[in-house]
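*Asks:* Turn this into a model:
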Amino acid sequence: MDKRYDVAALTRFATAACEAAGLDADKAAAVAEVLVEGDLMGHDTHGLALLTPYLDALAAGDMRAEGAPEVMAVTAVAETWDGRKLPGPWLVRQAIAKAEAAAQEMGIGVVSIGRCHHIGALAAYGPPVAAAGRMLLLTCSDPATGSVAPWGGTRRVYTPNPLAAAWPTPDGPVLIDVSMSITTNGMTARKRAQGAPFDHPVLLDGAGEPSTDPNVFWQDGTLLPLGGVESGHKGFALGLLVEVLTSALAGHGRADAPTGWGASVLVMVIDPARFGGTAAFLRETGWMAEAVHTNPPRPGWPAPRLPGERAMARKAAAMAEGVVLHPGIPEALEKLAARFGLDLPTTR
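*Replies:* Here you go, the predicted structure:
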C-alpha cells in the first residue's frame, strides 16, 4: 500500500528545510506551501519534487535568500519588479497581494516581474483568489533557456510557457493551468529516468521528426508546441503571446542572454465587482458550469467537468486521508532530512 503523508507534517518539513537552507520564515513558508499545494492538486512534477533543486539553487547562489524585489515602475494599476532572483513562490504571492489591492480599488491590478526564480505549479496560486470572488491570470517563461521550437522549425526558442487562470462560480473555482507545449521539461526528464516512452509523439528529434522517446530531448530535440504535429501553429502562437506578456513587459528577457534558473512572470487580478457586478458574474459562470455538467457525455466517457474540479477533489481527499507522493520524492525527502538534521514527515 502506498504511504500517505500528513499534509501539515509535509508542510512543516518543507518549511524547516527551507529555513535550514537560509530562507527567513516568511519566504520558507511560501515555498513550502506552494510546493505542497502542487502535490495536493496532482501537479507532482512541480510539487515537492522541486524542493531539492530549489535548495541546491539557493546553496549555489542562483536563488537569493534575502531582501525584497526592486520596484522599477508604478502606476495606479500596474507595477514592474526586478525580482532579484528571490524565491518564486514568495514573489508571486507578494505580487498577487499587490494586484488584489489594486483590483479592489481600480478593478484590475497587474504586476510584471523580471528575474524571478522558478514559481512552481501555477495552479497552486488560484484557489485563494477565486475564493475571494476575483479572477487571477498568471503566466511565466524562463528567458535563460529554451525547449520548444517555432512551428516548422527544429531548434529551441522558448520554454513551455504555462498560462494559468482562476475564477469563481457559485459552486467552486474554475482552475486552468496549461502549458503551450504538449508536455513539460519536468515530465520529459521523469520519463527519461523511468526509461519509458510517451504514449504519443510529444517531441521532435534533432532532424525535426516526431518522437515518443524522451531521450531525443537531450540530443538536440525539442518539445512540440500545444496542438502537436497537426495543429502546433496554435500552441506556437500562444507561446509567443506568453513571451510578450512576461519577458517583454518586464523589460528583461532572452535578448539580455540571462543565465541560471528563473522566470519572467505576469500576475493579473480582476475584480468582477468593478465591472458588470459580482452577482452578474456568478450568474454567468454558474450558467456555464451547469451547461458543462449537464452536457451528455460521449459513449464510454465520464461526464464532462470543469477545469480544476479533479485537482480540488484530489486536494480534498489528500487533506482528509493524507497525500501519496510520487515514488521518487520520499527518497529525496530522506536525503534532505539527513542533510539538514530534520525528522522525516509522518505518514498515516
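*Asks:* is it true that Met106 touches Arg274?
*Replies:* Yes. Met106 is within contact range of Arg274, at 7.2 Å (criterion: C-beta atoms under 8 Å). From N, CA and C alone the C-beta is placed, and that goes for glycine too.
*Asks:* Now do the shared contacts for these two.
*Replies:* Common contacts of Met106 and Arg274 (C-beta atoms under 8 Å, 6 or more residues apart in numbering): none found.
*Asks:* now stretch 86-105, how far from the centre of its chain.
*Replies:* When distances are taken as C-alpha atoms, centre = their mean, to the nearest Å, stretch 86-105 is centred 15 Å away from the chain's centroid.
*Asks:* Regarding Ala196, what is its secondary structure?
*Replies:* Of the three states, Ala196 takes coil according to DSSP: H, G, I helix; E, B strand; the rest coil.
*Asks:* OK, contacts around it?
*Replies:* Pro214.
*Asks:* State the phi and psi torsions of it.
*Replies:* Torsion angles at Ala196 (phi, psi; degrees, to the nearest 10) stand at phi -120, psi 140.
*Asks:* Now do it against Thr222, distance only.
*Replies:* As for Ala196, its distance to Thr222 is 19 Å (criterion: C-beta to C-beta, to the nearest Å).
*Asks:* What separation is there between Ile113 and Glu321?
*Replies:* For Ile113, the distance to Glu321 - C-beta to C-beta - is 36 Å.
*Asks:* now Ala103
*Replies:* 36 Å.
*Asks:* who has more neighbours, those two?
*Replies:* For the pair Ala103 and Glu321, the greater number of neighbours falls to Ala103 (26 against 12), based on other C-beta atoms under 10 Å.
*Asks:* hang on, the more buried one packs against Arg134?
*Replies:* Yes. Counting by C-beta under 8 Å, Ala103 does reach Arg134; the two are 6.2 Å apart.
*Asks:* which residues do the two both contact?
*Replies:* By C-beta under 8 Å, 6+ apart, Ala103 and Arg134 have these common neighbours: Val269, Ile270, Asp271.
*Asks:* Quickly list what the second one is bridged to.
*Replies:* With DSSP bridges as the criterion, the beta-bridge partners of Ile270 are Ile108, Met135.
*Asks:* That one is in contact with Ala132, isn't it?
*Replies:* No. Judged on C-beta under 8 Å, Ile270 makes no contact with Ala132 at a distance of 11.7 Å.
*Asks:* So which of these two has more stuff around it?
*Replies:* Using other C-beta under 10 Å, the more surrounded residue of Ile270 and Ala132 is Ile270, with 21 against 14.
*Asks:* From Ala131, how far off is that one?
*Replies:* Counting by C-beta to C-beta, the gap from Ile270 to Ala131 is 15 Å.
*Asks:* now Ala320
*Replies:* 19 Å.
*Asks:* of those two, who's got more company?
*Replies:* Taking neighbours as other C-beta under 10 Å, Ala320 and Ala131 compare with Ala131 leading, 12 against 8.
*Asks:* List the buried residues in the longest helix along the chain.
*Replies:* For the chain, the longest helix by residue count, based on DSSP state H, is helix 88-106. Across helix 88-106, burial judged by 16 or more other C-beta atoms under 10 Å covers 88-96, 98-100, 102-103.
*Asks:* Please apply the same query to stretch 168-179.
*Replies:* Across stretch 168-179, burial judged by 16+ other C-beta under 10 Å covers Pro168, Thr169, Gly172, Pro173, Val174, Leu175, Ile176, Asp177, Val178, Ser179.
*Asks:* Off-centre distance for it?
*Replies:* That offset, for stretch 168-179, works out to 14 Å (C-alpha atoms, centre = their mean).
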